[in-house]
Structures are given as structure tokens and as C-alpha cells.
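**Q** Based on what follows, work out the 3D shape:
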Amino acid sequence: MKLRRVSNNNPIQLGRELGRGGEGAVFPVIGMPDLVAKIYLKPPAPLKVEKLRGMARRASPALLRVAAWPVDVLGDETGTVRGFLMPKVSAREDVHELYSPKSRRRAFPGVDFRFLARVAANIARAFAQVHAVGNVIGDVNHGNALVGRDGTVVLIDCDSFQIRDGVRMFTCDVGVPLFTPPELAGQAFRGLKRSANHDAFGLAVLLFHLLYLGRHPFAGKHADGEMPIERAIAESRFVYGANAAQFGMSRPPGTLALGIFGEDIARLFESAFAPPGEMPRPLAAQWIDALHALETRLSPCGVSPSHYYPGRGPGPGPDGGDPGCCWCVFEHHTGLRLFAARKDTFDTQGNAKLAPLWDAITAVPPPERAQPLEVPDFIELETKSRDPLGPVPRAILSWVLVFLSGAAVLYQPGEHVVLAAMTLGAAIALRWWYRNASTRTETFQAGFRALLAARNRLARLVKEWNAIATDQRFDQRFERLLGELQSAKDELLALPARREARIKALFSTAAQQQQQRYLDQIRLDKAKLPNVSTQEISMLAAYDVDTAAEVLNRGASVQGLISGVAFREMMAWANACARNFQFDPARAADPEIVAEIDATLLQQQEELLGTLRGGQAQLEALSSEISSMRAAKQRELAEARRAVAEAEGTKS
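**A** Just a heads-up that it's a prediction; the model follows:
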């Protein structure tokens with residue numbers, strides 16, 4: 001078949017087929033390295049031809065940067081349109097390869113979460129560009145976006161988009177229910193006019209898959225049993241949202257909480273998945289700003305060099321992970337290794353950082369043991385009063401003398417004037433003596449009380465010091481922590497032997513491991529299964545059943561999610577794939593399996609090193625805490641001794 005460009009009637013020559021889909025195949029164009037041709041298996045309908053012509057006329061540099069957009073239409077020798085030219089998209093992978101750690105290590109080795117946040121922002125940029133010229137993607141799904149090694153994104157299958165050409169609109173007649181907003185649930189896609197607000201729902205689902213490790217935002221557990229994802233979408237049962245409990249929904253175990261990436265990201269998802277009409281869905285431009293901000297605030301983990309997370313933690317935690325790092329926490333609880341840096345290697349000869357770390361740990365001096373003191377035995381103080389009469393009798397006597405002298409003067413002034421004067425003088429002298437004696441007595445009693453209080457305080461502090469000195473818990477805390485660090489060191493030194501044992505075990509299960517690896521590379525969405533719909537494949541992918549290996553391992557657990565006919569065909573396909581496997585003795589120790597073993601051991605190695613790195617600071621802090629507590633008590637004792645000495649001097 002001879003093909004020509006409709007725009008200038010120039011002939012083109014196709015190379016060998018690059019790939020094939022349900023409605024056509026893609027070929028390189030000889031002499032045009034930047035372009036490829038999509039040739040339909042059967043000539044497109046007239047309406048589709050008009051749509052392609054309109055798209056080619058409206059191609060722009062901005063669109064061509066983010067989409068495999070038609071740039072020209074191709075016709076055969078009879079003038080029948082058979083396909084179109086579009087930019088070549090090379091060295092790119094489907095976005096769903098970034099979802100799970102397993103596929104991510106294979107398709108994008110060495111990337112961390114910064115890459116995922118950047119890709120998410122670039123997906124939003126591509127959507128924004130399509131919407132900017134009045135177009136709508138419509139059929140949003142996992143296969144829409146291809147991702148390059150640099151994180152750039154290109155949208156494909158653009159000929160299915162909803163296109164506006166002047167006053168005319170060409171609808172998108174296909175769609176995937178798991179990306180379709182609730183207000184369109186159950187409607188036929190053919191002839192359905194969609195808006196950028198409808199795309200906003202699919203965009204949010206796509207971004208949620210990317211950020212939350214492949215999970216679908218509406219796949220979760222219902223209090224009354226199974227809840228199909230399509231029904232959950234139709235009823236706006238956002239599993240991770242603040243209102244999930246009101247809908248009887250809960251997120252699956254081993255998943256990330258919605259707010260893990262900050263309030264702005266959580267708020268956008270809440271808006272995107274709210275019941276229709278409650279609030280406008282976020283535009284692509286809003287996602288761009290939020291995702292760019294997320295990437296800029298990602299901090300390096302204090303333990304794993306492959307972890308970047310929102311916020312900064314205080315340092316290594318008790319399990320060796322960074323308590324502020326959501327990836328450390330997730331890996332610790334699930335046993336999965338989410339990200340692996342390119343330069344991460346497991347040192348089979350023992351980590352060179354161990355020796356200086358352990359030297360620093362053993363250099364921390366333990367707190368000095370405290371010696372008990374003898375409780376002071378003070379002589380009992382004399383408590384008798386210095387006033388022989390006592391204050392009450394003396395006061396009564398003095399007032400009686402005053403009264404008598406006054407009476408003598410009043411009633412017999414002539415006869416007893418001398419006696420009255422003497423009596424009055426004695427009364428005055430007695431009153432003067434009483435006042436001075438009272439002052440001396442009060443001074444004596446105040447000194448007595450001060451000395452008694454000082455001695456009691458000293459005795460109490462000595463008892464407190466002895467309680468500290470004889471309590472072994474303080475020293476045991478230091479010894480226990482040192483023992484835990486010794487265990488971490490021993491476990492770290494044992495990792496090479498553990499690696500050797502695991503690799504040796506590979507040979508006993510080599511055939512099984514090889515078959516698992518083989519089946520894990522056969523994707524369900526690439527299989528030709530007439531009775532398994534695209535919607536059913538997408539639903540299975542939401543439950544991480546996306547390869548022949550997962551079908552055989554976990555197929556029974558998702559049996560109710562698809563029809564019985566589809567389930568039987570899928571299982572037959574997976575079993576046929578297993579029968580096609582041939583064991584290769586030369587690859588008994590599969591390099592990829594060895595790499596996974598090394599990745600797991602490397603994670604353990606980093607956690608143990610993190611424990612040891614924090615060990616020195618913990619020991620120093622504990623030793624300082626104990627020493628400071630004892631020093632403070634010693635200062636109190638010294639002050640109490642001075643107070644006793646001063647009180648004794650005052651008393652004397």
C-alpha cells in the first residue's frame with residue numbers, strides 16, 4: 001500500500017511495525033526520524049477523517065510538546081484516508097510502571113519520590129495544555145500517559161480525544177468506568193459531550209494512583225461486605241476522605257493516609273472526589289502548583305539515601321528509621337522496599353562505616369557510680385524557755401503591781417506616797433524587763449527553728465542521694481542501651497552470611513523463582529482475552545493483580561470482581577503462560593533475584609547503621625542526664641551543709 005501526505009501529496013515509506021493496538025499499528029517513517037505513522041486496520045469512518053483533518057490543522061508547538069498529536073493525514077493511492085503522522089515517542093514507559101516498587105525498579109531504576117512528584121506535575125501540565133485550546137481528553141486511563149527517563153510526559157491516543165474545531169465538536173466515544181466521574185456513571189460514551197471538569201476527576205484518579213503507590217481512591221473495604229469500585233465512584237465513597245466512615249468505608253491495610261503529603265494535596269483530592277455539585281473539581285493548573293510545591297519541600301531522609309519525604313524528622317528512630325520519614329515507617333511496617341537509589345550497594349565484606357561508628361559508641365564514658373552517704377545523727381536541741389515565769393504569769397504580775405500602786409496613790413496619797421512610788425517604779429521596771437525578755441526568747445526560738453529546718457533538709461537530701469546511689473535502674477538504662485547497640489552491630493556483621501545463605505537457597509528453588517520472574521513480566525493488560533473487558537482489567541489492576549504471576553498467586557481473592565467467564569479465561573491464560581516457561585540452568589541464581597536480595601539486605605543494613613549512628617548521641621544524652629541529675633543533687637547537699645553551719649553559728 002502506497003501512502004501520501006494529504007497536506008502536500010508527498011509519498012512516504014514505512015519501516016517495520018513498531019507496535020499494534022486494537023484499531024491500528026504504528027510504523028516508523030523512513031527519512032523522518034522524528035515522526036511515526038499510525039495506520040488503521042480498516043479505513044476510518046468519514047466523521048473520524050474530518051476529526052483527524054481538524055486536529056492536524058490545529059497542531060501547535062505547545063500541543064506537540066505534551067501529546068502525540070496528528071500533524072498530517074495519510075491517504076492511499078485512491079485518496080482514502082488510512083492513518084496519520086504524529087511525533088515519535090521513544091524511550092518512554094506507561095505511567096503505571098511507576099506505581100509499584102517492582103515495576104518501578106524494572107522500568108525506572110534508581111528514581112525516588114521526587115521523580116514521582118515531578119511526573120505527577122507534568123501529567124497535570126499536559127492536561128492543562130489540552131484544555132487550554134478547548135479540547136477534552138475524555139478517555140482518561142493508565143495508558144494515556146507515557147513517561148520518559150527525565151520525567152517528561154507525553155499523552156498518546158490523541159485521536160480519541162474530544163476535539164473542538166471551530167464551532168464543531170467531535171466527541172470522545174470511549175472511556176474507562178474507573179476514571180469516569182459519578183455524574184456520568186452508567187451513561188453511554190458515544191456522542192456524550194464532556195467537559196474539562198469531567199477530565200478533572202480522571203486526572204485526580206491518575207494522580208492518586210501515582211502518589212499513593214498504585215491504589216485506586218475508591219477501592220477499599222465496606223462495613224457490610226464487598227463494594228465494587230464502580231459503585232463506590234457512583235456513590236462518591238472516597239475511601240481515603242474525611243467522610244469515608246460515614247459511607248461505611250475504610251482504606252485497605254498497608255496504605256498511605258490521605259494527609260501524608262500535606263493539607264494542600266489532601267484538600268485537592270477531597271474536592272476532586274466530593275459528590276457532584278458540592279464544590280468545583282480542581283483544575284489542572286491547581287494541581288501543577290500544589291505538586292510543584294510538594295516536590296520543593298521534599299527532604300532527604302536521615303537514614304536511607306533513596307528516601308525523600310515531605311517535612312524533616314528529628315533523626316533516626318529506635319527501629320533505625322527516620323521517624324519523620326513516611327517511607328521509613330511504611331517500609332518498617334510492610335517489609336517492602338519502595339525506592340532504591342542507583343548507587344545503593346550491599347557491602348558483602350562488612351560496612352566500612354561500622355568501625356568508626358563503634359569506636360565512637362565505645363568512647364562514650366558510662367556515668368560514674370554514686371556512693372551512699374551516712375545520714376547525719378544530730379544531737380537533740382534544748383527546747384526549754386529562758387523565762388522562769390513564762391510569758392503569761394509575768395504579764396499578770398506586772399499589771400497587778402501597776403494596779404496596786406495606782407490604787408495606793410488614789411485612795412491614801414499622803415500616807416503611802418513613798419510606797420506607791422516604789423510600787424509604780426517596780427511595775428515599770430518589771431514591764432521593761434518583760435519586753436526585753438520576750439524579745440530574747442523570740443530570737444532564741446527563731447534561731448532554733450532555722451537550725452531545725454536546715455538539719456531536717458540536709459537529712460532529707462542525704463536520704464534522696466542514697467536512694468539514687470543504690471538504685472541500679474539508672475546504670476542499667478545505660479547498659480541496656482549499650483547492649484542493644486551491640487546486638488545491632490552483631491546483626492550488621494551477620495548480613496554477609498545471611499546473603500550467602502539466601503543465594504545458596506536459590507539453587508534449591510531456582511526453577512520456581514525463575515518461573516515467578518518469568519510470569520511477573522507478562523502483563524495482563526497486554527493479553528488478548530476477548531471475554532475480559534478493559535474495565536475488568538483496570539479493576540484488577542486496582543487490586544495489584546496485573547501480571548500472570550499475580551493472577552496465579554492472588555486470582556482467587558478477586559474472583560468476585562469480574563464475571564465468571566472472564567475469570568475462567570484469565571486463569572486459563574495464566575496457566576498457559578506457566579506451561580510455556582522453560583527452566584534455564586545457567587540462570588539458577590537469577591541476577592534480578594540476587595538484586596532483590598541485595599536490596600532487602602541493603603535496607604536492613606541502612607536501618608542497622610541508622611541505629612548505630614543514633615546510638616552515640618543516645619548514650620551521650622543518657623550519660624549526661626544521669627551525671628547532671630547527680631551533680632544537681634550534690635549541689636543541693638553542699639548548699640544544705642552550708643545552711644546547717646550558718647544556723648548553728650547563729651544559734652550559738
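
**Q** what ranges do the helices span in the stretch 501-650 of the chain?
**A** With DSSP state H, counting those that start in this stretch as the definition, the stretch 501-650 of the chain shows helices at residue ranges 510-520, 534-542, 548-554, 564-579, 591-651.

**Q** can these go into a markdown table with extra columns for distance to V239?
**A** For glycine as for every other residue, the C-beta is placed from the backbone atoms N, C-alpha and C. Formatted as a markdown table, the entries for the helices of the stretch 501-650 of the chain read as follows, by distance: least, CB to CB, whole Å:
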| stretch | distance to V239 |
| --- | --- |
| helix 510-520 | 27 |
| helix 534-542 | 11 |
| helix 548-554 | 20 |
| helix 564-579 | 24 |
| helix 591-651 | 29 |
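
**Q** Let me know which of these is the nearest to M32.
**A** With respect to M32, and counting by CB to CB, the nearest of the helices of the stretch 501-650 of the chain is helix 534-542 at 31.9 Å.

**Q** If you count contacts, what does that closest one end up packed against?
**A** Under the contact criterion of 3 or more CB pairs under 8 Å, 6 or more residues apart in numbering; DSSP states H and E, the helices and strands touching helix 534-542 comprise helix 229-234.

**Q** helix or strand right after the helix it packs on?
**A** Proceeding C-terminally, helix 229-234 gives way to strand 249-250 as the next helix or strand, assigned by DSSP states H and E.

**Q** partners of that following strand, with directions?
**A** Counting by DSSP bridges, the strands paired with strand 249-250 are strand 221-222 (antiparallel).

**Q** pLDDT averaged over the partner strand, what's the number?
**A** Confidence over strand 221-222, taken as the mean pLDDT, stands at 86.

**Q** circling back: would you reformat the helices of the stretch 501-650 of the chain as JSON lines and include mean neighbour count and mean pLDDT?
**A** Listed next are the helices of the stretch 501-650 of the chain as JSON lines, based on neighbours: other CB atoms under 10 Å; pLDDT from 0 to 100:
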{"stretch": "helix 510-520", "mean neighbour count": "18", "mean pLDDT": "84"}
{"stretch": "helix 534-542", "mean neighbour count": "21", "mean pLDDT": "78"}
{"stretch": "helix 548-554", "mean neighbour count": "20", "mean pLDDT": "88"}
{"stretch": "helix 564-579", "mean neighbour count": "16", "mean pLDDT": "91"}
{"stretch": "helix 591-651", "mean neighbour count": "17", "mean pLDDT": "78"}
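
**Q** right, and these - which one's nearest E270?
**A** With distances scored as CB to CB, the stretch of the helices of the stretch 501-650 of the chain nearest to E270 is helix 534-542 (19.9 Å).

**Q** Run the chain-centre distance for the closest one.
**A** Average the C-alpha atoms of helix 534-542, do the same for its chain, and the two points are 27 Å apart (CA atoms, centre = their mean, to the nearest Å).

**Q** Nearest to the spatial middle of this protein, which residue is it?
**A** Closest residue to the average C-alpha location of the chain: C326 at 2.1 Å, with CA atoms, centre = their mean.

**Q** can you pull the contacts of that one?
**A** Shown in contact with C326 (CB atoms under 8 Å, 6 or more residues apart in numbering): 256, 260, 309-310.

**Q** returning to what we had before: to F218, which of the helices of the stretch 501-650 of the chain lies closest?
**A** Taking CB to CB as the measure, these were each checked against F218, and helix 534-542 came out nearest at 8.4 Å.

**Q** ok and the closest one relative to helix 564-579, angle-wise?
**A** Angle of helix 534-542 versus helix 564-579, following axes from the mean of the first three to the mean of the last three CA atoms, to 10 degrees, is 60 degrees.

**Q** what comes into contact with helix 534-542?
**A** Counting contacts by CB under 8 Å, 6+ apart, the residues touching helix 534-542 from outside are 96, 141-142, 176-179, 214-216, 219, 228-230, 524-525, 546, 558, 561-563, 566.

**Q** Could you break the protein into its assigned domains?
**A** The chain breaks down by automatic domain parsing into domains covering 3-19+24-88, 93-296, 298-342, 354-361+475-634, 392-471.

**Q** Can I get those in JSON lines including distance to E648?
**A** Written out in JSON lines, the entries for those read as follows (distance: least, CB to CB, whole Å):
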{"stretch": "domain 3-19+24-88", "distance to E648": "91"}
{"stretch": "domain 93-296", "distance to E648": "66"}
{"stretch": "domain 298-342", "distance to E648": "51"}
{"stretch": "domain 354-361+475-634", "distance to E648": "22"}
{"stretch": "domain 392-471", "distance to E648": "6"}
